[in-house]
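Got a sequence here, can you build the structure:
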Amino acid sequence: MGITYIEGTVRGPTGTEAAVRFLVDSGATYPLLPKPVWEKAGLAPRRRLTFTLADGTPIERDVSECYIVLSQGEGHTPVILGETGDEALLGVVTLEVLGLVFNPFNRTLQPMRMLLA
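You can find the predicted model right below:
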């Protein structure tokens with residue numbers, strides 16, 4: 001299995017932007033922003049949720065919202081406010097919001113087949 005990164009920008013409520021390099025993680029629900037990124041964008045916690053790591057360990061993290069811009073699309077998304085040492089992740093909720101799907105064969109983001117039923 002390979003690793004795929006994608007460059008993006010996040011924008012906070014005041015319009016302040018921060019560049020970020022996301023690891024595309026189809027196993028993650030929400031995207032995660034490292035502390036320096038979300039602080040630069042001016043994000044603030046809105047709620048606290050418990051998440052489960054791949055090994056089953058529960059952790060608590062604050063959650064906020066931001067505007068995210070990728071070369072494939074842009075839109076609003078919930079985000080996990082990371083702590084020291086956390087890496088930027090791009091999860092499936094944001095991919096769905098943007099109408100994207102991760103293709104594991106060529107390791108790219110592609111338009112999602114949208115259904116209206």
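
For the protein, just list every one of the strands.
Remark: strands assigned in the chain by DSSP state E are 5-11, 17-24, 32-33, 47-52, 58-70, 73-81, 89-90, 100-103, 108-111.

Residue 40: which of the ones you listed is closest?
strand 17-24 (4.0 Å; C-beta to C-beta). Placement of C-beta: from N, CA and C, glycine included.

buried stuff in that closest one?
Buried residues in strand 17-24, counted by 16 or more other C-beta atoms under 10 Å: 17-18, 20, 22, 24.

Send me that strand as CSV with only the CA atoms.
C-alpha atoms of strand 17-24 as CSV (Å, rounded to 0.1, in the frame of the first residue of the first chain):
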residue,chain,number,x,y,z
GLU,A,17,-5.6,31.1,5.1
ALA,A,18,-3.0,28.5,5.9
ALA,A,19,-1.3,26.0,3.5
VAL,A,20,-1.3,22.4,4.5
ARG,A,21,0.0,19.1,3.1
PHE,A,22,-2.6,16.4,3.7
LEU,A,23,-2.0,12.6,3.9
VAL,A,24,-5.0,11.1,2.1
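
relative to strand 58-70, how tilted is it?
If you take axes from the mean of the first three to the mean of the last three C-alpha atoms, to 10 degrees, strand 17-24 sits at 110 degrees to strand 58-70.

re earlier: let's have the strands of the chain in JSON lines, adding mean pLDDT and distance to residue 39.
JSON lines is the format used below for those (pLDDT from 0 to 100; distance: least, C-beta to C-beta, whole Å):
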{"stretch": "strand 5-11", "mean pLDDT": "97", "distance to residue 39": "11"}
{"stretch": "strand 17-24", "mean pLDDT": "96", "distance to residue 39": "8"}
{"stretch": "strand 32-33", "mean pLDDT": "98", "distance to residue 39": "9"}
{"stretch": "strand 47-52", "mean pLDDT": "96", "distance to residue 39": "17"}
{"stretch": "strand 58-70", "mean pLDDT": "97", "distance to residue 39": "11"}
{"stretch": "strand 73-81", "mean pLDDT": "97", "distance to residue 39": "9"}
{"stretch": "strand 89-90", "mean pLDDT": "96", "distance to residue 39": "17"}
{"stretch": "strand 100-103", "mean pLDDT": "92", "distance to residue 39": "27"}
{"stretch": "strand 108-111", "mean pLDDT": "92", "distance to residue 39": "27"}
